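*Asks:* return atomic coordinates for the entry below.
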Amino acid sequence: MGFGVSLVYGLAGTALIHAVEGREEAQQFLRMYIGPFNTLVTLGLGVVTALLIGSSQHMIPNAIEATFTTEELSTTDYFENKRRYSSLSRTIVFASEMIIIGFIVLQVCHFPLYGIAEEVMLIAGCLQCGLASYAGRKIRYAGMMLHSLLDVQVTRNLFKQRELNVVNTYVQNPRRHLFKERKLDAVNTYVQTVSILALIGVYLGVRSYYGAPFLYDSFIGRSAQVFLLLPVIIATPVLLIFNFYPREVLRKIYDKSIDIELASLHEEIKNATLSGFEKKLRLMEFEKMYREELQYSLQLSWSDLPIGITILVMVLEPLITR
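*Replies:* Residues are numbered from 1 along each chain as shown. Alright, predicted model coming up:
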């Protein structure tokens, strides 16, 4: 759907230019739209990212609120950050600011087109700025909602679904005790998907426009090219933090809940028919399994390689090619 929107926009613009200004101008616009400026792909990625975030924006709040009670969350800044996260007025204001900035930068750089063709390309460029601002704002406040969870007073084990008769179950089959229903795990998958898609979109957009044949005929000349790197400067730290920081938040929360479960298990096995050494050994094995499972589920993996490579290329390529 995202790339369909971009394609329809390009074809509709071509038809309008053809009807008003003629075939040659329409062909030139379409070549620029698909070729040097790569707008067909970059605008499509922007729409894809915005649609993905918009259609799944309730995933993080739902996961958080399914894990913690309202009373637990009320002691933190979660609801204030959620209000900002869901605010339509803040979205409109921030998107408008970025569209204005994008309009100024693109006007200073100046597309190699004139008349309606230039206006259609300018609208597409400004639309990309608005979509990027929407994604960036959602990502920022999603990260702030997760950060607020560090202030939650964890009073139960969130790392697994607690079983009845813990002592007998664990003695018979320790691995069975690791049955989990970790609702917060959905956050990690969502974060990786959104941040990688957004970062690739920013990289392709900046790469396409930075190397595109702008005229640079304003009073500052080719110096205006440096302003095309603004999305990289703004987006890189936000996406880096959003991709890696939530994992640390989850790790800290699960660590707290594991400590609580260990203390509870310690009380429960006091009356078990085991020697003191066996009790300590069981507790150590139990803790080791939990810590290893937690480390495995939240560790950096090959799934993080695309975002690392994209960041490296995005930062180094302009410096190398120029």
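*Asks:* where does the spatially most central residue of the chain sit: helix, strand or coil?
*Replies:* Central residue of the chain (CA atoms, centre = their mean): residue 195, 3.1 Å from the mean position. Three-state call for residue 195 (DSSP: H, G, I helix; E, B strand; the rest coil): helix.
*Asks:* thinking it is in contact with residue 242, fair?
*Replies:* Yes. With contact defined as CB atoms under 8 Å, residue 195 and residue 242 form a contacting pair (5.1 Å). Any C-beta I mention is one placed from the backbone N, CA and C, and that applies to glycine too.
*Asks:* now do the shared contacts for these two.
*Replies:* residue 139 (CB atoms under 8 Å, 6 or more residues apart in numbering).
*Asks:* where's residue 239, which helix or strand?
*Replies:* In the assignment (DSSP states H and E), residue 239 maps to helix 230-268.
*Asks:* next, the buried residues of that helix.
*Replies:* Going by neighbour count (16 or more other CB atoms under 10 Å), the buried part of helix 230-268 is 231-232, 234-236, 238-239, 242-243, 246-247, 249-250, 253-254, 256-258, 260-261, 265.
*Asks:* do the same with stretch 195-215
*Replies:* 195-212, 214.
*Asks:* can you check stretch 121-135 too?
*Replies:* Here stretch 121-135 shows 121-122, 124-135 as buried, counting by 16+ other CB under 10 Å.
*Asks:* so what secondary structure elements neighbour the helix holding residue 239?
*Replies:* Contacts defined by 3 or more CB pairs under 8 Å, 6 or more residues apart in numbering; DSSP states H and E place helix 230-268 against helix 116-148, helix 166-172, helix 185-210, helix 276-298, helix 305-321.
*Asks:* mean pLDDT for those: which is lowest?
*Replies:* Looking at the helices and strands packed on helix 230-268, the lowest mean pLDDT belongs to helix 166-172 (a mean of 43).
*Asks:* so who does the residue nearest to the centre of the chain touch?
*Replies:* Going by CB under 8 Å, 6+ apart, the list of residues near residue 195 reads 139, 239, 242-243, 307.
*Asks:* the same query, at a cut-off of 6 Å, please.
*Replies:* Residues near residue 195 by CB atoms under 6 Å, 6 or more residues apart in numbering: 239, 242-243.
*Asks:* so for those residues, which is the shakiest by pLDDT?
*Replies:* Here the lowest pLDDT out of the contacts of residue 195 sits on residue 243, with 71.
*Asks:* tell me how far the residue nearest to that residue when sequence neighbours are not counted lies from residue 93.
*Replies:* Counting by CB to CB, 6 or more residues apart in numbering, residue 195 is the residue found nearest to residue 243 once chain neighbours are left out, at 4.0 Å. The gap separating residue 195 from residue 93 is 24 Å, by CB to CB, to the nearest Å.
*Asks:* tell me the SS of residue 156?
*Replies:* With three-state DSSP as the criterion, residue 156 reads coil.
*Asks:* could you report the neighbour count for it?
*Replies:* 12 (other CB atoms under 10 Å).
*Asks:* distance check, it against residue 97.
*Replies:* Per CB to CB, residue 156 is found 43 Å from residue 97.
*Asks:* now swap in residue 64 and tell me
*Replies:* For residue 64 relative to residue 97 (CB to CB), the value is 29 Å.
*Asks:* so for the two, which residue has more residues nearby?
*Replies:* Remark: of residue 64 and residue 97, residue 64 carries more neighbours, 20 against 13, as counted by other CB under 10 Å.
*Asks:* list the single closest residue to residue 96 in space, sequence neighbours excluded.
*Replies:* That would be residue 130: by CB to CB, 6+ apart, it lies 7.8 Å from residue 96.
*Asks:* that neighbour contacts residue 95, correct?
*Replies:* Yes. Shown here, residue 130 and residue 95 form a contact pair, counting by CB atoms under 6 Å, at 4.4 Å.
*Asks:* so how far is residue 184 from the spatially closest residue to residue 61 that is not a sequence neighbour?
*Replies:* In space, and not counting its chain neighbours, residue 61 is closest to residue 82: 5.7 Å by CB to CB, 6+ apart. Distance, residue 82 to residue 184, by CB to CB: 16 Å.
*Asks:* kindly report the same for residue 91.
*Replies:* Using CB to CB, residue 91 is found at 26 Å from residue 184.
*Asks:* neighbour count: the two, which is higher?
*Replies:* residue 184 (21 against 17).
*Asks:* residues contacting that one?
*Replies:* 63, 67, 250.
*Asks:* what about the second one, how many residues nearby?
*Replies:* It stands for residue 67. 18.
*Asks:* for it, phi and psi?
*Replies:* phi -100, psi -40 (degrees, to the nearest 10).
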